[in-house]
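Visitor: coords please:
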Amino acid sequence: MTKLKISIIGAGSGEFSMGIVRDLAFTPSLWGSTVSFMDIDRTRLDSIYEVASRYTREVGADLKFEKTFDRRESLRSSDFVINCAMVGGWDRFMFAEEISRRHGYPQTVFYDTFYQYKLFMDIIHDMEDVCPEAWYIQSANPVFEGETLIARQSKIKSVGLCHGFYYGTSRVAEVIGLDPSKVEAQAYGLNHNIWLKKFHVGGVDALPALADWVKNKAESYWVSADCPASDEMGPKAVDLYKRLGLFPIGDTATPGGDSYHRWYHYDRETEAKWHEDPAAWYRHHVQGVNDTVQAFNELAKDVHKKATSVFPSEMTNETNVRIIDAIANDKPAIFQVNIPNKGCIPGIADDVAVEIPALVSAAGIQGLRLDPLPNPVLFEIQERILLMERDLEAFTSANRDLLLEYVLSYPATRTVEQAKAFLDDALNHPMNTELAEYFK
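Guide: You can find the predicted model right below:
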């Protein structure tokens, strides 16, 4: 039994934090560990502490919990740090969406990520000071840019995690009529930009079944009640598959992925043709998050209601705790992770964070060497990498001219005037005083 200290930054995202608690509760090799919840929202912090304590008592798990507003105190002596914080929450994100759409952009262009980058590096610098040997787990978005930035700027051991691969490949199996619990797949690229290379279900190659579904059943699915707008199995995803040769997985083809594929979003008429509605997609997503938070806070207040009546007495499908267990207790296993490429995917620079399968153990995290991606997919990925490089260069240099260059390179930018108007609108808003000061 290995007793660890695990710090969760942004612990008020109750569902995510409770997933970690659930997985720890059913991992006896990590019992005796201490989980330090850190958040700046008192209500959410008190709620996660109350529900987590109640849940572990109900299932008989040996875990200890702390709660604090002080990030450095939470980090002190930690073995693992999980960052799931979103600066300003979904309110700031939707505000960013509003200004972006005002200037003709189908989704937020950049400036919500500034606050995320700043938080990421603030946490990393604190870790360098108070827990330099700890592992940092990047679960907060944007994972691709965040892990690339951190790995370039610090020697802290870090890894980015996203559940898109696991949920995405299961979703494909489910929609085409196969058992999602029996999926063994390989999809890789960048976070929110991964492409299906191998797909077995129950030990049988299921790529032919996917091809048959695309040819004979996809159109029937698109007009059914099971297919919402901007669905990951919708017309846009299928067209990408037909054009580029591999199927996009998870958020690779949804508004949540930030890859976006501008050809399907030229205007509302074009979006309607492809069954795309990013605004509706985000409204549904944010409403679901808000409903979850409200239900979580109500559970915390109702001391007579069992936590296990809401959160099942079993592990989740997330990998945070499994990876912690693999490292801390030397249980070698393959997981989908985001780490610097270092030659794993041919044609991508070594210091760019890629999403790939990797061997995780006490020796650390070693990415697997993978087959080349088809050139059409690789070119698509390289476009996304170039956008990331401009974004990080603007952030690390604090140069407003480079920030404009980033906006100009954004896929939905049509004119210099549009980019400048957007930038002025964003930087002049009172909510973004810190942003404007940074990019003088």
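
Visitor: hey, which helix or strand in the chain has the poorest pLDDT?
Guide: Counting by mean pLDDT, DSSP states H and E, the chain has its least confident helix or strand at helix 89-102, which shows a mean of 82.

Visitor: tell me what that one is packed against?
Guide: The contact analysis (3 or more C-beta pairs under 8 Å, 6 or more residues apart in numbering; DSSP states H and E) places helix 89-102 against helix 111-130, helix 278-301, helix 416-428. (Glycine included, C-beta is placed from N, CA and C.)

Visitor: make TSV out of the ones you listed and add mean neighbour count.
Guide: Output for the helices and strands packed on helix 89-102, formatted as TSV (neighbours: other C-beta atoms under 10 Å):
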stretch	mean neighbour count
helix 111-130	19
helix 278-301	15
helix 416-428	16
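
Visitor: residue 328 is nearest to which of these?
Guide: Proximity to residue 328 (C-beta to C-beta) singles out helix 111-130 among the helices and strands packed on helix 89-102, at 17.2 Å.

Visitor: elements contacting that closest one?
Guide: Short answer (3+ C-beta pairs under 8 Å, 6+ apart): helix 111-130 packs on helix 71-75, strand 80-83, helix 89-102, strand 135-138, helix 143-153, helix 375-397, helix 433-438.

Visitor: now the element after the fifth one, going C-ward?
Guide: Per DSSP states H and E, helix 143-153 leads on to strand 157-160 as the next helix or strand towards the C-terminus.

Visitor: run through who's touching the next helix or strand along the chain from that next one.
Guide: Next helix or strand after strand 157-160 toward the C-terminus (DSSP H and E): helix 164-175. Contact partners of helix 164-175, identified using C-beta atoms under 8 Å, 6 or more residues apart in numbering, comprise 179-183, 185, 187, 191-192, 194, 196, 199, 201, 206, 210, 213, 221, 226, 232-233, 247, 249-252, 257, 317, 319, 336, 355.

Visitor: can you give me the helices for the stretch 201-350 of the chain?
Guide: Taking DSSP state H, counting those that start in this stretch as the criterion, the stretch 201-350 of the chain contains helices spanning 207-216, 218-222, 235-244, 268-273, 278-301, 320-328.

Visitor: where among those is the average confidence lowest?
Guide: Among the helices of the stretch 201-350 of the chain, helix 278-301 carries the lowest mean pLDDT, a mean of 86.

Visitor: any idea how far stretch 268-284 is from the chain center?
Guide: Distance of stretch 268-284 from the chain centroid (C-alpha atoms, centre = their mean, to the nearest Å) equals 21 Å.

Visitor: which outside residues touch that stretch?
Guide: So stretch 268-284 is contacted by 94, 97, 101, 106-107, 222, 227-231, 234-236, 239, 254-256, 263-265 (C-beta under 8 Å, 6+ apart).

Visitor: the residue nearest to residue 241 when sequence neighbours are not counted: how many residues sit nearby?
Guide: Residue nearest to residue 241 in three dimensions, not counting chain neighbours: residue 247, with 4.5 Å by C-beta to C-beta, 6 or more residues apart in numbering. Neighbour count of residue 247, defined by other C-beta atoms under 10 Å: 27.

Visitor: format the helices of the stretch 201-350 of the chain as JSON lines; extra columns: distance to residue 407.
Guide: Shown next, in JSON lines, are these (distance: least, C-beta to C-beta, whole Å):
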{"stretch": "helix 207-216", "distance to residue 407": "36"}
{"stretch": "helix 218-222", "distance to residue 407": "34"}
{"stretch": "helix 235-244", "distance to residue 407": "24"}
{"stretch": "helix 268-273", "distance to residue 407": "21"}
{"stretch": "helix 278-301", "distance to residue 407": "18"}
{"stretch": "helix 320-328", "distance to residue 407": "34"}
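
Visitor: of the helices and strands packed on helix 111-130, which is nearest residue 119?
Guide: strand 80-83 (7.8 Å).

Visitor: give me the sheet partners of the closest one and which way each runs.
Guide: Using DSSP bridges, strand 80-83 pairs in its sheet with strand 5-9 (parallel), strand 135-138 (parallel).

Visitor: isn't residue 242 right up against residue 214?
Guide: Yes - between residue 242 and residue 214 a contact is recorded at 7.5 Å, counting by C-beta atoms under 8 Å.

Visitor: comparing these two, which shows the higher neighbour count?
Guide: residue 214 (18 against 11).

Visitor: let me see the mean pLDDT of the helix or strand encompassing residue 196.
Guide: Assigned by DSSP H and E, residue 196 belongs to strand 193-201. Mean pLDDT, strand 193-201: 98.

Visitor: next one: stretch 36-49
Guide: Regarding stretch 36-49, the rounded mean pLDDT is 95.

Visitor: what's that stretch in contact with?
Guide: Contact with stretch 36-49 is made by 5-14, 17-18, 52, 65-71, 73-74, 78, 85, 293, 296-297, 299-300, as judged by C-beta under 8 Å, 6+ apart.

Visitor: what residues of that stretch count as buried?
Guide: The neighbour-count check on stretch 36-49 (16 or more other C-beta atoms under 10 Å) flags 36-39, 41, 44-49 as buried.

Visitor: with the residues you listed in mind, which one is nearest to residue 331?
Guide: The closest of the buried residues of stretch 36-49 to residue 331 turns out to be residue 36 (C-beta to C-beta; 23.5 Å).
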